[in-house]
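*Asks:* Here is a sequence together with a model predicted from it:
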Amino acid sequence: MVGAVLLALLVVALATLAIRRKRSERTHLAQLRDREERLKLALWATGERYWDYDVATGKLHRLLLDAPGRMAEDAVAVSAVVHPDDHAATLERLDAYLSGETSTFLAELRVADGNGGWIWMRARGRIVAKGPDGRARRIAGTALNITATRAAERERQIASEVLRSMNEAVSVLDRNFDFISVNAAFSRMTGYQESEIVGRNGSVLDSLQHDSAFYQHIREQISRSGRWSGEIWQRRKDGEEFLCSIESSTVHDRNGELVLHVAVLNDITQQKRAEQELRYLANFDTLTNLPNRSLLSDRLSRAIVRAHREDNRIAVLFLDLDRFKDINDSLGHAAGDRILRAAAARLQQTVGLHHTVARLGGDEFTVVLENLESPEDADKVAREIIMAFEAPLLLDDRREIAISPSIGISLYPDHAQVPTELLKQADTAMYQAKAAGRRTFMRYDDAMDLVVRQRATISGALRKVLDRGELHLVYQPRLALDSSRITGVEALLRWSSDEHGEIAPTDFIPMAEESGLILEIGEWVLREACLTLHRWHQHGLGQLSMAVNVSVLQLLRGDFPEVVARVLQDIGLPPSALELELTESVLMANAEHTAVKLQAFRTLGVSLAIDDFGTGYSSLAYLKRLPITTIKIDKAFIGDLTHDPEDAAITSTVITMAHSLGLNVVAEGVETEAQMRFLASHRCDEIQGFWLSQPLDAHACLAFIRHWTPDRLPAPLPAAPLATPAVP
Ligand SMILES: Nc1nc2c(ncn2[C@@H]2O[C@H](COP(=O)(O)O[C@H]3[C@@H](O)[C@H](n4cnc5c(=O)[nH]c(N)nc54)O[C@@H]3COP(=O)(O)O)[C@@H](O)[C@H]2O)c(=O)[nH]1
């Protein structure tokens, strides 16, 4: 009985155990299935694939999973699925892991995709089983398809390589305009290295040329429209500002969300500067910085359009500096340039910045006055300009120079409607202002055109003057004040034209100089004057000398000393009987060259006089270095000698100084006895002028000299009770 009970209990216990085992096995199986499901889900979710590698056989067991729950398993030889090019590298990785060099097996390799292609996998694994010898038997792990990631990475690498090698500076900024990356060109351009600028805001480049609202506005525009291009000022790391052309575009993600701003920058400062320089050169005169002819005609055209619309009047003032050529020749071109610059500044200062002042070239300037109420307004400005030039121009720290302008005025709509005509008429009026004695202005009128045409006709007639024999000489005697003796005469040229009547030398000599005809005419004068003197010598007046005027062109001509020598020789006149009169400007033109020429005349025995002394810019100290024998004080000083203490002072000083240099002094333009007395009392050597005699033709002059008696001079000469010179 006890046995039966024990047996029954045993059976029950065994049955219970069996049931429990079954239950436990079921639970275990269920857990396994659950884990497997989770593994499948995890593998599916991560995209990873499970693999198990048998080290001894080289077989690879794989779980292939396409969708949750759909898992297949295969076993393949490694060599059959791994790309042959990746074998060696993969085995190296495996060795590194198995030797303990790395803690995990990790390799990227190409694996056959089953369709004849290859996919890139990143495999990771660990030893899951070891043999009794402790060596790895199985390694298991997961593999992830990284084909797309690798392609993207490669694209990213190529893109960044391209960026790096680009000449244009490129920056990538996030949606807040913080820098994410920049290329080397960007660093070169801005001075910021990538490490310094990444994370900082784009505003770090904002310059002070624009206010912050300007930059903010641009950033808003970029955010709104996704694109922006334009030119803005930016600032480099060292603070230097530069003009930058920027092309900015925005990159969006797949959902259309703004991700990045990419900006391509170009430093266009130099390019703009070059453009500006070109524009400047095309429109401005580089010497004075005033508008040039091209910009002037543009501005004048616009002014005409405005004046037409608003029914206004415009004036064009054409201004030329008096005797600028002489100054330029005598003081040199550098000084001439300084005068032009100073004159330009004086002009602009006088008319104000709201009126256009332009330089047309040389010493010609133009002023455009707009909104004039009457023509007299233009006269007023012209007068102001002339007054402004009363004060000398500053040449440099030590030197100043007095120069006056002559101004011609034309008016729109009164005289012309187009810029070229207005300029031409103002030019014509300016010439009339010059002819009227310089340092004055003239308003254009139609009669002036006639004068211009006459000038052209005269200039044409001048070419035939020698052939037609229309030239003749008159002679003005010179008197020595100490001996009351006629010492000689000055030959003065006259033109009696059949067509045009008597033409003054002041009108035709400049034309002859302009055309070069003065060379031929000058030689004729020289020969004619020498012939006359030779005749007079033969008439027993052997002490007389002849002064002949020489123009700059004659002096500069290479063989003038030879011409003079030949004429004297041809005629048989002693060189000492000839005096050449040269103006200061003639002497100062090309001073070095001139000095050599002058010496050649002195070697020949010809005397040299400086004509019109005091009107030029030479000093007696300078003239001392030239082989001059005589100075002729200009009639401008003599005319006012008796009224103007300054002229009296200058004249007496010049006489004293010239004597100290051993020079003979002749006073020109003596018209009154009072002047003659003053000059005699100040020991002037000789006089010439209407008081003694007008210029006379050869016959009359010879008669005058023959009949000259010294009793016309009161003897002894008393000291002149005239203006007291300020300088002894
Ligand atoms: N290169 C050459 N120049 C010449 C020649 N002949 C004359 N000239 C120059 O022409 C300028 C004007 O000369 P002109 O009209 O002959 O006048 C001269 C005199 O008539 C005048 N003069 C003389 N005395 C008086 C006077 O008392 N009062 C007064 N108001 N004028 C007077 O002065 C002129 C003399 O000038 P200068 O030569 O400076 O002595 C004149 O610049 C001539 O030089 C020529 O052949 N070649």
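*Replies:* Right, received. Where do you want to start? Residues are numbered from 1 along each chain as shown.

*Asks:* OK, contacts around Ser103?
*Replies:* Residues in contact with Ser103 (Cβ atoms under 8 Å, 6 or more residues apart in numbering) are Tyr97. All C-beta atoms are positioned from the backbone trio N, CA, C, and that covers glycine.

*Asks:* Just confirm it is within a strand.
*Replies:* No. Counting by DSSP: H, G, I helix; E, B strand; the rest coil, Ser103 is not found in a strand; it is coil.

*Asks:* just the strands in the stretch 501-650 of the chain please.
*Replies:* 501-503, 545-549, 578-583, 607-613, 630-633 (DSSP state E, counting those that start in this stretch).

*Asks:* Take these and lay them out in JSON lines including distance to Arg438, mean neighbour count and mean pLDDT.
*Replies:* JSON lines is the format used below for the strands of the stretch 501-650 of the chain (distance: least, Cβ to Cβ, whole Å; neighbours: other Cβ atoms under 10 Å; pLDDT from 0 to 100):
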{"stretch": "strand 501-503", "distance to Arg438": "20", "mean neighbour count": "12", "mean pLDDT": "90"}
{"stretch": "strand 545-549", "distance to Arg438": "20", "mean neighbour count": "23", "mean pLDDT": "97"}
{"stretch": "strand 578-583", "distance to Arg438": "16", "mean neighbour count": "23", "mean pLDDT": "93"}
{"stretch": "strand 607-613", "distance to Arg438": "14", "mean neighbour count": "23", "mean pLDDT": "90"}
{"stretch": "strand 630-633", "distance to Arg438": "21", "mean neighbour count": "25", "mean pLDDT": "94"}
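
*Asks:* Quick one, which of the ones you listed gets closest to the ligand.
*Replies:* strand 545-549 (3.5 Å; Cβ to the nearest ligand atom).

*Asks:* just the angle between the closest one and strand 607-613, please?
*Replies:* 50 degrees (axes from the mean of the first three to the mean of the last three Cα atoms, to 10 degrees).

*Asks:* List the contacts of strand 545-549.
*Replies:* 478, 487-493, 525-526, 529-530, 532-533, 576-581, 607, 609, 611.

*Asks:* And for the nearest residue to Arg124 once chain neighbours are set aside, the neighbour number?
*Replies:* Nearest non-adjacent residue to Arg124, counting by Cβ to Cβ, 6 or more residues apart in numbering: Gly141, 4.8 Å away. The number of residues packed around Gly141, counting by other Cβ atoms under 10 Å, is 19.

*Asks:* from the chain's centre, how far out does the host helix or strand of Gly141 sit?
*Replies:* Per DSSP states H and E: Gly141 is located in strand 136-145. Its chain's C-alpha centre and that of strand 136-145 lie 76 Å apart, by Cα atoms, centre = their mean, to the nearest Å.

*Asks:* So which bits of this protein are right by the ligand?
*Replies:* Those residues of the chain that sit near the ligand, judged by Cβ under 6 Å from any ligand atom, are 476, 490, 492-493, 504-506, 509, 525, 549, 551, 581, 611-612, 635, 668-671, 689-690, 695.

*Asks:* Now do the helices in the stretch 1-150 of the chain.
*Replies:* With DSSP state H, counting those that start in this stretch, the ranges of helices along the stretch 1-150 of the chain come out as 2-46, 78-81, 84-98, 147-165.

*Asks:* Can you add mean neighbour count and mean pLDDT and give the ones you listed back as a markdown table?
*Replies:* Output for the helices of the stretch 1-150 of the chain, formatted as a markdown table (neighbours: other Cβ atoms under 10 Å; pLDDT from 0 to 100):
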| stretch | mean neighbour count | mean pLDDT |
| --- | --- | --- |
| helix 2-46 | 11 | 79 |
| helix 78-81 | 14 | 87 |
| helix 84-98 | 14 | 91 |
| helix 147-165 | 12 | 79 |
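
*Asks:* Let me have those in JSON lines, extended by distance to Gly202.
*Replies:* Supplementary listing: the helices of the stretch 1-150 of the chain in JSON lines, determined by distance: least, Cβ to Cβ, whole Å:
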{"stretch": "helix 2-46", "distance to Gly202": "39"}
{"stretch": "helix 78-81", "distance to Gly202": "50"}
{"stretch": "helix 84-98", "distance to Gly202": "44"}
{"stretch": "helix 147-165", "distance to Gly202": "17"}
